[in-house]
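*Asks:* Prediction below, plus the sequence it came from.
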Amino acid sequence: MGFLRSRTGTADPPPRRTGIHPNASAKTADRPVRILVVSRAVKRAFKYRFYPTDVQAAQLSRTFGCVRLVYNMALQARTEAWTRRQERIDYNATSAMLTGWKKTAELAFLNEVSCVPLQQALRHLQAAYTNFWARRAKHPMFKSKRRSRRAAEYTASAFRWRDGTLTLAKMTEPLSIVWSRPLPDGVSPSTVTVSQDAAGRWFVSLLCDDVITQTPATGMVGIDAGLDSLLTLSTGEKITNPRHERADRQRLARAQRDLARKQKGSANRAKARLKVARIQGRIADRRRDHLHKLTTRLVRETQAIVIEDLAVANMVKNHRLARAISDAAWRQFRTMLEYKAAWYGRDLIVVDRWFPSTRLCSACGALAERMPLGVREWTCPCGAVHDRDVNAARNILAAGLAVTACGDDVRPQRGTSRTGQSSAKQEDPRATKGIPVL
Ligand SMILES: [Zn+2]
């Protein structure tokens with residue numbers, strides 16, 4: 001769609017009185033109070049650590065290996081069929097192949113693990129091909145023993161969920177799960193994914209049907225991916241990197257230097273590699289946690305969020321930016337915003353990536369000259385003094401407002417009308433306040 005890349009909330013706007021905040025009439029008893037609360041069924045994953053017994057760990061490791069093997073063999077078959085005979089092999093054909101493989105003497109060990117994760121691997125491959133044909137992704141790649149994610153997916157027929165215990169197929173004992181947060185009441189998993197990260201930690205992710213209560217929110221906020229801070233909001237708030245990240249990064253650099261010095265294939269090298277993986281895991285955990293809290297807060301309290309479509313790949317090449325937006329934090333942030341905005345019925349507006357948000361004066365609209373990365377603050381000829389990042393966030397907000405103002409005529413989606421505010425009202429800077437500090 002060009003300028004406006006994605007907006008969520010495609011349902012028809014429900015009837016409402018406009019111009020009045022849903023809570024504003026709560027005290028007038030003679031008028032009917034209409035507070036719009038919508039419930040929405042969503043698929044939601046809950047991830048926990050667990051500690052397998054030795055038997056379970058061996059069984060799962062074997063399953064991961066078989067999943068990888070089946071995926072790779074099916075990919076090989078599909079690639080060959082296409083390059084040699086211009087023939088497309090679909091999921092059903094690879095599924096029939098799997099049945100054949102299990103009957104051969106060399107691959108009889110595939111019968112030792114649950115067949116469901118193997119079938120799921122073929123489905124994942126099918127999805128990868130669908131994305132490839134739709135030009136959304138590159139051609140699927142072979143899974144590597146070292147670098148690929150160790151994971152196995154179980155559908156309902158391959159696990160038993162009873163009284164809050166989870167037992168996987170081909171296992172006698174339930175998994176010993178650390179319930180770091182409770183599952184919502186009455187919720188049971190439809191799909192279970194078991195994985196192990198590079199640091200050797202085991203995780204189980206339970207995909208459940210959950211209900212989100214959508215409560216009304218107002219206002220609009222623009223967000224800029226900052227330099228010194230992780231993100232900057234158009235309200236002037238700056239969101240910094242997670243605490244301890246700097247110290248963790250120093251530790252990581254030291255661990256990586258240690259690893260580089262160790263002899264290849266030695267036990268000490270394996271130990272050093274594990275140490276690197278542990279620190280990387282901790283940095284990623286903290287970052288994800290930070291972004292979850294931030295995105296939840298943003299979608300709960302703001303009706304519309306405007307972000308810039310950044311070419312992160314290009315930005316990471318720039319060394320000064322690399323640290324601020326490393327670990328694909330921006331992409332992760334955007335993914336979280338996208339699905340949470342859909343959950344809560346909010347609008348996520350993505351503005352054009354070549355929009356000169358930094359150099360444009362948010363007060364008068366004049367375009368400043370080239371601006372080196374070191375410039376943190378600048379003064380426009382109109383007299384406005386700008387913090388680089390806050391100014392950029394304000395411009396992103398203004399671009400988002402322009403999009404919704406245009407959308408008012410055609411009203412393709414629920415957009416601004418959802419809050420009962422006109423877009424002119426939203427231009428009031430007060431509308432973007434009210435986001436408490438994290
Ligand atoms: Zn100006």
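*Replies:* Received the coordinates, thanks.
*Asks:* List the buried residues of stretch 65-76.
*Replies:* For stretch 65-76, the neighbour count (16 or more other C-beta atoms under 10 Å) marks Gly65, Cys66, Val67, Arg68, Leu69, Val70, Tyr71, Asn72, Met73, Ala74, Leu75 as buried. Just so you know, the C-beta spots here come from the backbone N, C-alpha and C atoms, and that holds for glycine as well.
*Asks:* So, low pLDDT: which residues of the stretch 1-150 of the chain?
*Replies:* Low-confidence segments of the stretch 1-150 of the chain (pLDDT under 70): 1-37.
*Asks:* For it, which segments count as helices?
*Replies:* If DSSP state H, counting those that start in this stretch is used as the criterion, the helices of the stretch 1-150 of the chain fall at 54-85, 91-103, 115-133.
*Asks:* and the closest residue to Thr165 other than its chain neighbours, what pLDDT?
*Replies:* Distances taken as C-beta to C-beta, 6 or more residues apart in numbering place Pro174 nearest to Thr165, at 4.0 Å, with adjacent residues excluded. Note on Pro174: pLDDT of 96.
*Asks:* so Pro174 makes contact with Leu166?
*Replies:* Yes - under the criterion of C-beta atoms under 8 Å, Pro174 makes contact with Leu166 at 5.8 Å.
*Asks:* neighbour count winner among these two?
*Replies:* It is Leu166, of Pro174 and Leu166, that has more neighbours when counted by other C-beta atoms under 10 Å, with 22 against 18.
*Asks:* Could I get the phi/psi values of that one?
*Replies:* Note on Leu166: backbone dihedrals following degrees, to the nearest 10 are phi -120, psi 120.
*Asks:* just Cys382 next, same as before
*Replies:* Main-chain torsions, Cys382, degrees, to the nearest 10: phi -80, psi -10.
*Asks:* which residues in the stretch 301-438 of the chain form strands?
*Replies:* Remark: strands assigned in the stretch 301-438 of the chain by DSSP state E, counting those that start in this stretch are 302-308, 347-351, 377-379, 385-387.
*Asks:* Paired strands for the longest one, with orientation please.
*Replies:* What that stands for is strand 302-308. On the basis of DSSP bridges, the sheet neighbours of strand 302-308 come out as strand 218-225 (parallel), strand 347-351 (parallel).
*Asks:* quick one, which of those strands is nearest to the ion?
*Replies:* Of all the strands paired with strand 302-308, strand 218-225 sits nearest to the ion, with 17.3 Å by C-beta to the ion.
*Asks:* Quick check: next helix or strand after that closest one?
*Replies:* Where DSSP states H and E defines the elements, the next helix or strand beyond strand 218-225 is strand 231-233.
*Asks:* Could you pull out the buried residues of that following strand?
*Replies:* For strand 231-233, by 16+ other C-beta under 10 Å, it's Leu231, Thr232, Leu233.
*Asks:* what about the residue nearest to Asn241 when sequence neighbours are not counted, neighbour count?
*Replies:* Leaving aside its chain neighbours, Asn241 sits nearest to Leu230 (5.2 Å; criterion: C-beta to C-beta, 6+ apart). Counted by other C-beta under 10 Å, the residues lying close to Leu230 total 22.
*Asks:* same thing with Glu377?
*Replies:* Number of residues near Glu377 (other C-beta under 10 Å) recorded here: 11.
*Asks:* Contacts only, for the residue nearest to it when sequence neighbours are not counted.
*Replies:* Nearest non-adjacent residue to Glu377, counting by C-beta to C-beta, 6+ apart: Asp387, 5.8 Å away. By C-beta atoms under 8 Å, 6 or more residues apart in numbering, Asp387 lies in contact with Thr232, Gly236, Arg376, Glu377.
*Asks:* Switch these over to CSV; also include distance to Leu183.
*Replies:* Converted to CSV, the contacts of Asp387 look like this (distance: C-beta to C-beta, whole Å):
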residue, distance to Leu183
Thr232, 36
Gly236, 39
Arg376, 46
Glu377, 48
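*Asks:* which one of the strands of the stretch 301-438 of the chain is the most hemmed in?
*Replies:* Across the strands of the stretch 301-438 of the chain, the average number of neighbours (mean count of other C-beta atoms under 10 Å) peaks for strand 302-308, which reaches a mean of 26.
*Asks:* Mind listing residues that contact that strand?
*Replies:* Here strand 302-308 makes contact (C-beta under 8 Å, 6+ apart) with 216-225, 298-299, 334, 337, 341, 346-353, 355, 357, 392, 396-397, 399-401, 403-404, 415-416, 418-419, 426, 432, 435.
*Asks:* CA atoms only: put that strand into PDB for me.
*Replies:* Taking C-alpha atoms only, strand 302-308 is exported to PDB below (Å, rounded to 0.1, in the frame of the first residue of the first chain):
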ATOM      1  CA  THR A 302      -2.700   4.500  23.100                       C
ATOM      2  CA  GLN A 303      -5.200   4.100  20.300                       C
ATOM      3  CA  ALA A 304      -2.800   4.700  17.400                       C
ATOM      4  CA  ILE A 305       0.900   4.100  17.200                       C
ATOM      5  CA  VAL A 306       3.000   5.500  14.300                       C
ATOM      6  CA  ILE A 307       6.400   4.000  13.500                       C
ATOM      7  CA  GLU A 308       8.900   4.400  10.700                       C
END
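*Asks:* Lowest-confidence entry in the buried residues of strand 231-233?
*Replies:* Ranked by pLDDT, those bottom out at Leu231, which scores 87.
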